[in-house]
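*Asks:* Here is the input, now give the coordinates:
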Amino acid sequence: MDLVVGLDAGGTSTRALVLDLDGARLGQGVAGGANPNSHPPSVAAAHIGEALTEALDGLDSSKVRSGVLGMAGASRMTDPAVLELFQQAWENAGLHCPMRVITDCEAAFATGTSSPDGTVLVAGTGSIVGRISDHRMVGQSGGYGWLIGDDGSAFWLGREAVRATLRLLDLGAPLEGLATAVLTAAGARGRGSLINAVNAQPPIRMAQFAPLVSSAYHHGDPEALTIVASAARLLADTASAVRTPSDTSPIVLVGSLIKTPVGIHLKQELLTRCNAQVIMATEGAAGAAWLAAVDVLGPSAPRPA
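*Replies:* I've put the predicted structure just below:
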C-alpha cells in the first residue's frame with residue numbers, strides 16, 4: 001500500500017499526516033514549532049522528526065512515495081546548513097522519497113480547495129495573503145511582521161485592546177468589559193502600570209490580549225465591536241490587494257482567528273466585496289498531504305477523508 005505524507009510546520013506547532021492514495025488517514029503526529037526563523041534550526045528540524053516519527057508509528061515508511069513539508073520560514077531552506085538538518089530529520093524518520101518544501105500559505109490553500117488558483121489569507125498571530133497560481137504562491141500582500149504590518153492579526157487585536165483601554169483611562173471614563181479584562185490580564189491597576197506591563201514583555205506578546213477582544217465582543221462591548229470590525233476590513237483590504245475586480249477564484253481563510261468573530265466578519269466582508277467562494281479551512285497538514293498525493297496521481301488525487 002503506497003503512502004504519502006504532509007506536514008504543516010508553524011512557529012508554535014508542527015503537524016504531520018500520513019494518507020494512503022485513496023485519501024484515508026492512517027497516521028498523524030504533533031510536535032513543537034518548526035519555523036527555523038523563530039527556533040534554532042536544529043530544534044526546528046528535531047520537531048519535524050518527532051512529528052514524522054509519531055505519524056509513521058506502525059506504518060511502513062518505505063511505502064511513502066511522496067512527501068510535502070509546508071512551513072513558515074521556508075525561505076531559510078536556501079541555506080545549505082539548514083536544509084541539511086531538515087533533510088537528516090526526514091531520513092532519520094525512515095523516509096526515502098524527496099522532501100518537497102513549500103510555504104505554509106501553499107499548504108493552507110490546498111487544505112481548503114483543489115483549485116490550482118486563488119487566494120489564501122492566513123490570520124493568526126501575524127497575517128499574510130498569498131496569491132496562488134498552479135498551487136504555487138506567485139505573489140503576496142502583508143506578512144511584514146508586527147513592527148510594520150500584520151494588520152488585523154492577533155498581535156494587532158491585542159495592541160488595539162491595550163490602546164483602547166489607555167484611551168479610556170486618559171479620559172477618566174468608567175472601565176468595564178474589555179478594558180477591565182485587559183487590566184486584569186496585564187496585572188495592572190492603572191495607566192502607568194499598564195504601559196509598563198506591556199512594554200516589559202516581548203512585543204509579540206500583545207497577541208495574548210486577542211482572546212479578550214473576542215470574549216468582550218460576545219458581550220456587546222463597544223470597543224470590542226469596533227476593533228473586530230476594523231480587523232476584518234483590514235484583512236479584507238490585504239486580500240483585495242492581490243486580486244483583480246473580475247477575479248472569481250476561491251479565497252481560503254486559515255489561522256487561529258478564522259473561527260473567532262474576526263473570521264466571521266471577514267468572511268462576510270469578502271463575500272460582499274468579491275464574486276468568489278470563501279472557504280474556512282483549518283488543517284494545513286491535510287493540504288500538504290494532498291499535494292503529495294497530487295505528485296503521485298495528478299490533480300485527480302482524492303481529497304483527505
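
*Asks:* Helices of the protein, residue ranges please.
*Replies:* With DSSP state H applied, the chain shows helices at 41-55, 80-92, 104-112, 154-171, 177-186, 191-199, 210-218, 222-240, 261-273, 284-297, listed in chain order.

*Asks:* what about these, which gets the closest to residue 8?
*Replies:* Closest to residue 8 of the helices of the chain is helix 284-297 (C-beta to C-beta; 3.1 Å). All C-beta atoms are positioned from the backbone trio N, CA, C, and that covers glycine.

*Asks:* Check the offset of the closest one from the chain's centre.
*Replies:* Here helix 284-297 is found 18 Å from its chain centre; the criterion is C-alpha atoms, centre = their mean, to the nearest Å.

*Asks:* could you give the angle of that helix to helix 104-112?
*Replies:* Angle of helix 284-297 versus helix 104-112, following axes from the mean of the first three to the mean of the last three C-alpha atoms, to 10 degrees, is 80 degrees.

*Asks:* buried ones in helix 284-297?
*Replies:* Buried residues in helix 284-297, counting neighbours by 16 or more other C-beta atoms under 10 Å, are found at 284-295.

*Asks:* which of the helices of the chain sits most buried?
*Replies:* Mean neighbour count, computed with mean count of other C-beta atoms under 10 Å, is highest for helix 104-112 among the helices of the chain, reaching a mean of 28.

*Asks:* Tell me the helices and strands packed up against it.
*Replies:* For helix 104-112, the elements it packs on are strand 3-9, strand 64-71, strand 118-123, strand 127-133, strand 136-142, strand 251-254, helix 284-297, judged by 3 or more C-beta pairs under 8 Å, 6 or more residues apart in numbering; DSSP states H and E.

*Asks:* before we move on, the earlier item: how about TSV for the helices of the chain, with distance to residue 10 and mean pLDDT added?
*Replies:* Formatted as TSV, the helices of the chain follow (distance: least, C-beta to C-beta, whole Å; pLDDT from 0 to 100):
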stretch	distance to residue 10	mean pLDDT
helix 41-55	10	96
helix 80-92	15	96
helix 104-112	6	92
helix 154-171	13	94
helix 177-186	24	95
helix 191-199	24	94
helix 210-218	16	97
helix 222-240	18	97
helix 261-273	17	96
helix 284-297	8	95
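
*Asks:* Nearest to residue 250, out of those helices?
*Replies:* Of all these, helix 104-112 sits nearest to residue 250, with 7.2 Å by C-beta to C-beta.
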